[in-house]
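J.: Task: produce atomic coordinates for the following.
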Amino acid sequence: MSTTELDWFKSSYSGGGGGNCVEVAVRPERVHVRDSKDTHIGSLMVSHEAWSAFTVLAADAQV
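T.: Modelled structure (predicted):
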């Protein structure tokens, strides 16, 4: 599947200022993550388990 065929979304915490932002596309078999400023370079693909662990750690780091 091409990354152009995926439904990408940004976090609601992302600002419009072009800062550090990622986009995520969730598929049944994996989660795709890419740089929102440079979308043509491709995406990182991780398991749902890895993505879940990352988001838990990221949420804890914001405290």
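
J.: What is the subsequent helix or strand relative to the lowest-mean-pLDDT helix or strand in the chain?
T.: The weakest-scoring helix or strand in the chain, judged by mean pLDDT, DSSP states H and E, is strand 9-10 (a mean of 88). Using DSSP states H and E, the helix or strand that follows strand 9-10 in sequence is strand 22-26.

J.: In that following strand, which residues are buried?
T.: 23-25 (16 or more other Cβ atoms under 10 Å). All C-beta atoms are positioned from the backbone trio N, CA, C, and that covers glycine.

J.: Distance check, the residue nearest the centre of the chain against residue 9.
T.: Nearest to the mean C-alpha position of the chain, counting by Cα atoms, centre = their mean, stands residue 24 at 3.0 Å. From residue 24 across to residue 9, the span is 6 Å (Cβ to Cβ, to the nearest Å).

J.: Ok, residue 38 next?
T.: 17 Å.

J.: likewise residue 60?
T.: From residue 60 to residue 9 the distance is 22 Å (Cβ to Cβ).

J.: and these two? which has more neighbours close in?
T.: Taking other Cβ atoms under 10 Å, residue 60 and residue 9 do not tie; residue 9 has more neighbours (11 against 8).

J.: Just list the residues touching the more buried one, thanks.
T.: The contact partners of residue 9, by Cβ atoms under 8 Å, 6 or more residues apart in numbering, come to 23-25.
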